[in-house]
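Undergrad: below is the sequence, then the predicted model.
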Amino acid sequence: MAAAIHHHHLLPPRLLSVHPQPPRLRLRRPLPRRAAASGAAAGTSSSTAAAPPPTDAALQEFRRWVSSHGADAGAGAAAPAAVPEGGLGLVAARDLPRGEVLAEVPKKLWLDADAVAASDLGGAVGRGGLRPWVAVALLLLREAARGAGSPWAPYLAILPRQTDSTIFWSEEELLEIQGTQLLSTTMGVKEYVQSEFESVEAEIISENRELFPGTVTFNDFLWAFGILRSRVFAELRGDKLALIPFADLVNHSDDITSKESSWEIKGKGLFGRDVVFSLRTPVNVKSGEQIYIQYDLDKSNAELALDYGFTESNSSRDAYTLTLEISESDPFYDDKLDIAELNGMGETAYFDIVLGESLPPQMLPYLRLLCLGGTDAFLLEALFRNAVWGHLELPVSQDNEEAICQVIRNACKSALGAYHTTIEEDEELLGSENLQPRLQIAVEVRAGEKKVLQQIDDIFKQREEELDGLEYYQERRLKDIGLVGDNGEIIFWES
Ligand SMILES: C[S@@+](CC[C@H](N)C(=O)[O-])C[C@H]1O[C@@H](n2cnc3c(N)ncnc32)[C@H](O)[C@@H]1O
């Protein structure tokens with residue numbers, strides 16, 4: 001499911017660079033602790049867990065609404081119900097074989113760009129050239145403001161008031177992720193949403209008071225953002241962004257490992273003219289059991305925490321993004337940038353490092369390039385331009401290899417120093433029972449990041465110990481031209 005924006009591109013976590021700056025707790029603006037009563041959607045609060053499930057009456061009303069539109073695929077394969085994860089999920093109403101259709105949600109129920117255009121917001125938004133997610137967020141707030149008069153009222157009534165996403169955490173809760181990349185991404189996302197809110201407030205909301213009779217606060221807008229972020233199916237990005245009521249009740253499980261999508265958009269009815277969003281179960285499910293899908297196998301725990309408000313204990317979800325950049329003060333800046341660009345990279349490079357996996361293949365050559373200098377600088381000459389990347393894939397010189405180890409180890413040390421707990425302390429906490437969901441998320445993410453940093457440090461520590469035994473550019477070169485044998489002996493023509 002979800003991402004209204006790609007925080008990796010918008011908000012690169014520049015936490016580890018050649019000139020490392022330890023991540024800091026940075027709460028520029030104190031966040032409002034409670035949403036102002038707005039008459040529109042509910043905002044955030046400082047509670048320690050996501051909102052409870054909706055009332056039975058609201059759920060009944062929602063079920064009626066779903067089936068009156070035929071969105072439950074006629075056969076009633078799945079029913080919305082309160083589930084152990086908190087909130088709602090889809091429960092099998094009978095034994096379901098893998099691939100069975102659970103939902104066929106007609107287009108008229110979707111909250112998407114077409115729904116915005118057709119609504120009374122259409123005129124106001126059409127002129128604004130808004131980002132798709134902002135337009136749909138406004139539609140959510142507009143429909144919430146209409147209350148019972150909204151065609152989506154039964155759906156709006158069952159939407160959670162918040163999730164455990166870090167965007168809804170109180171300042172106190174955020175202290176638990178001090179030093180993490182997750183904290184910096186969370187603050188960056190909130191700043192981004194705040195700036196979008198300020199412009200939409202000035203350009204649309206205050207200009208169309210009749211559409212938004214109550215006050216729309218930043219927390220209302222953040223709620224709408226959080227709803228989209230946690231509920232929009234991953235591939236429905238950009239102009240295709242859509243909230244699909246009912247289908248969006250399906251929860252995630254890491255036990256579902258199939259990469260195959262569980263949904264499709266297809267034509268139905270006479271000549272396939274009615275567009276529906278069709279959701280299928282990816283595995284067999286017994287009557288009464290909950291139906292799950294896999295939201296995204298590639299998301300790290302930090303991304304899961306930010307987007308949905310949960311984490312997984314699977315170590316392949318533990319990741320750290322290393323940011324490396326060519327310093328503008330580097331005397332060889334232009335040559336290095338040219339070489340990086342020739343090889344599909346740029347001034348800054350991001351490397352996602354996953355626990356238990358090897359380093360991304362481009363990382364060592366890029367690092368060697370960054371640290372290239374002194375007597376190795378000849379490799380930067382134009383003469384070598386086409387061949388240099390090949391040389392950088394192997395150790396260049398002992399000085400260069402030592403420099404890359406130091407740069408990375410210092411950066412790891414500095415990043416590790418910014419966390420307020422050790423891995424051991426975190427693991428002890430994770431072993432205790434009844435951890436609050438948000439604390440569980442915090443501990444899992446900070447432990448995971450530290451493990452990855454420790455793994456990176458170990459790799460470069462070991463390399464440092466092997467520096468004397470590595471083969472460097474000059475030796476390879478001599479071998480290439482036949483002056484050194486495979487065992488390192490100098491070959492004399494005379495002998
Ligand atoms: C697409 S919605 C699913 C419906 C949602 N449970 C509800 O009550 O409306 C995604 C949200 O469901 C919750 N969720 C989904 N899978 C979960 C899981 N495995 N563990 C905990 N929460 C989960 C999270 O709050 C997430 O942001």
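TA: In hand now; what should we look at?
Undergrad: okay, now residue 282: neighbour count?
TA: The tally of other residues near residue 282 (other C-beta atoms under 10 Å) stands at 21. C-beta: built from backbone N, CA, C; applies to glycine.
Undergrad: what's the answer for the one 5 residues further on, then?
TA: Burial of residue 287 is recorded as 10 neighbouring residues (other C-beta under 10 Å).
Undergrad: with the one 5 residues further on instead?
TA: Counted by other C-beta under 10 Å, the residues lying close to residue 292 total 22.
Undergrad: helices of the stretch 51-200 of the chain, start to end?
TA: 56-68, 113-118, 122-128, 132-146, 153-156, 171-174, 181-200 (DSSP state H, counting those that start in this stretch).
Undergrad: which helices and strands does the fifth one pack with?
TA: For helix 153-156, the contact count by 3 or more C-beta pairs under 8 Å, 6 or more residues apart in numbering; DSSP states H and E identifies helix 56-68, helix 132-146 as packing neighbours.
Undergrad: now do 6 Å
TA: helix 56-68 (3 or more C-beta pairs under 6 Å, 6 or more residues apart in numbering; DSSP states H and E).
Undergrad: just the CA trace of the helix it packs on, in PDB.
TA: Below are the C-alpha coordinates for helix 56-68, written out as PDB (Å, rounded to 0.1, in the frame of the first residue of the first chain):
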ATOM      1  CA  ASP A  56     -20.800  -1.400  16.100                       C
ATOM      2  CA  ALA A  57     -23.400   1.000  14.700                       C
ATOM      3  CA  ALA A  58     -20.900   2.700  12.500                       C
ATOM      4  CA  LEU A  59     -19.600  -0.600  11.300                       C
ATOM      5  CA  GLN A  60     -23.100  -1.900  10.500                       C
ATOM      6  CA  GLU A  61     -23.800   1.200   8.600                       C
ATOM      7  CA  PHE A  62     -20.600   0.900   6.700                       C
ATOM      8  CA  ARG A  63     -21.300  -2.800   5.800                       C
ATOM      9  CA  ARG A  64     -24.700  -1.800   4.500                       C
ATOM     10  CA  TRP A  65     -23.200   1.000   2.400                       C
ATOM     11  CA  VAL A  66     -20.600  -1.400   1.000                       C
ATOM     12  CA  SER A  67     -23.100  -4.000   0.000                       C
ATOM     13  CA  SER A  68     -25.600  -1.500  -1.400                       C
END
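Undergrad: wait, which of the helices of the stretch 51-200 of the chain is closest to residue 408?
TA: Proximity to residue 408 (C-beta to C-beta) singles out helix 181-200 among the helices of the stretch 51-200 of the chain, at 16.1 Å.
Undergrad: next helix or strand past the closest one?
TA: Downstream of helix 181-200, the first helix or strand assigned by DSSP states H and E is helix 218-231.
Undergrad: that following helix near the ligand anywhere?
TA: Yes: Helix 218-231 is in contact with the ligand by C-beta under 6 Å from any ligand atom, via 230, 231.
Undergrad: next SSE after the helix or strand encompassing residue 303?
TA: Here residue 303, judged by DSSP H and E, is contained in helix 301-307. Downstream of helix 301-307, the first helix or strand assigned by DSSP H and E is strand 319-325.
Undergrad: write out the residues of the stretch 151-300 of the chain neighbouring the ligand.
TA: Proximity of the stretch 151-300 of the chain to the ligand (C-beta under 6 Å from any ligand atom) is limited to residues 160, 163, 230, 231, 248, 249, 251, 252, 253.
Undergrad: returning to that earlier point: in terms of secondary structure, what does the helix holding residue 303 contact?
TA: Using 3+ C-beta pairs under 6 Å, 6+ apart, helix 301-307 is in contact with helix 437-465.
Undergrad: residue contacts, residue 65?
TA: Residue 65 is in contact with residue 154, counting by C-beta atoms under 6 Å, 6 or more residues apart in numbering.
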